[in-house]
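Engineer: here you go, sequence then predicted model.
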Amino acid sequence: MTRWYQERKHEHFYKEAKRAGYRARSAYKLKQIQKKYSLLSPGDLVVDLGAAPGGWSQVAHEIVGEMGRVIGVDLSPIKPMEQATFFQGDITKQETREALLQLLENKKADVVLSDMSPDISGTYSVDQARSIWLCEQALTIAETILRPGGHFLCKIFEGEDTQAFLNKVKSCFYIVKRFSPKASRKSSSEFYCIAKSLRE
């Protein structure tokens, strides 16, 4: 495909997001992942890591409905919305994790989502290593707060240590898949790790 076509496609998802009232084009990534893998169900308790500006939380709420709950956290402030509980914090820090546990009120999450990305330095090896580190942080949180049988989704930048991370996820979940949604830029090296059914 030509670069021109890719940019048009990227623009298409951006315009669609604006038209549909989503806060980010990435909402369509989660919609495409959900269509293929059915991670989210009505009534689920969902934790959205790296939630700003809130596009994934919007999609999650649409699926879990009024009987479900969405909790989002990000380093950046997130504009409030009725359908989700947002708080600001660094999820790699203990105090933020404790705040998350308090919001969960001793309940276990059904799904943990992570669209976290590192601040891009422009040096791919550095950015990719930071991406894996964030994925490992998200996995640690998922292992702590998910119910047995719960699901986990995280964004990864492709690199030499990717397989080692995926192997770690496979030791925790029964089903682990790689997926690149159509809404991702084709030039992007990102993909999503879909992990279903946390082992007991």
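Structural biologist: The structure has been received and is ready for your questions.

Engineer: what packs against the longest strand anywhere in the chain?
Structural biologist: Criterion DSSP state E: the longest strand present in the chain is strand 146-157. Contacting strand 146-157 under the criterion 3 or more CB pairs under 8 Å, 6 or more residues apart in numbering; DSSP states H and E are the following elements: strand 109-114, helix 124-145, helix 162-170, strand 190-198. The C-beta positions use only the backbone N, C-alpha and C, and glycine is treated the same way.

Engineer: let me know which of these is tucked in deepest.
Structural biologist: strand 109-114 (a mean of 25; mean count of other CB atoms under 10 Å).

Engineer: by contact count, what packs against that strand?
Structural biologist: Counting by 3+ CB pairs under 8 Å, 6+ apart, strand 109-114 packs on strand 45-49, helix 55-64, helix 124-145, strand 146-157.

Engineer: give me that answer again for 10 Å
Structural biologist: Secondary-structure packing of strand 109-114 (3 or more CB pairs under 10 Å, 6 or more residues apart in numbering; DSSP states H and E): strand 45-49, helix 55-64, strand 69-74, helix 124-145, strand 146-157, strand 190-198.

Engineer: now the ones you listed in TSV, with distance to L113 and mean pLDDT?
Structural biologist: Output for these, formatted as TSV (distance: least, CB to CB, whole Å; pLDDT from 0 to 100):
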stretch	distance to L113	mean pLDDT
strand 45-49	5	98
helix 55-64	6	96
strand 69-74	9	97
helix 124-145	9	96
strand 146-157	5	97
strand 190-198	10	97
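
Engineer: and K31, which of those is closest to it?
Structural biologist: helix 55-64 (5.8 Å; CB to CB).

Engineer: and the angle for the closest one with strand 69-74?
Structural biologist: Going by axes from the mean of the first three to the mean of the last three CA atoms, to 10 degrees, helix 55-64 is angled at 170 degrees with respect to strand 69-74.

Engineer: now the longest strand of the chain, how far from the centre of its chain.
Structural biologist: Chain-centre distance of strand 146-157: 8 Å, with CA atoms, centre = their mean, to the nearest Å.

Engineer: the inter-axis angle of it versus helix 55-64?
Structural biologist: 140 degrees.

Engineer: hmm, back to that, what would the helices and strands packed on strand 146-157 look like in a markdown table with distance to Y37?
Structural biologist: A markdown table is the format used below for the helices and strands packed on strand 146-157 (distance: least, CB to CB, whole Å):
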| stretch | distance to Y37 |
| --- | --- |
| strand 109-114 | 11 |
| helix 124-145 | 16 |
| helix 162-170 | 14 |
| strand 190-198 | 5 |
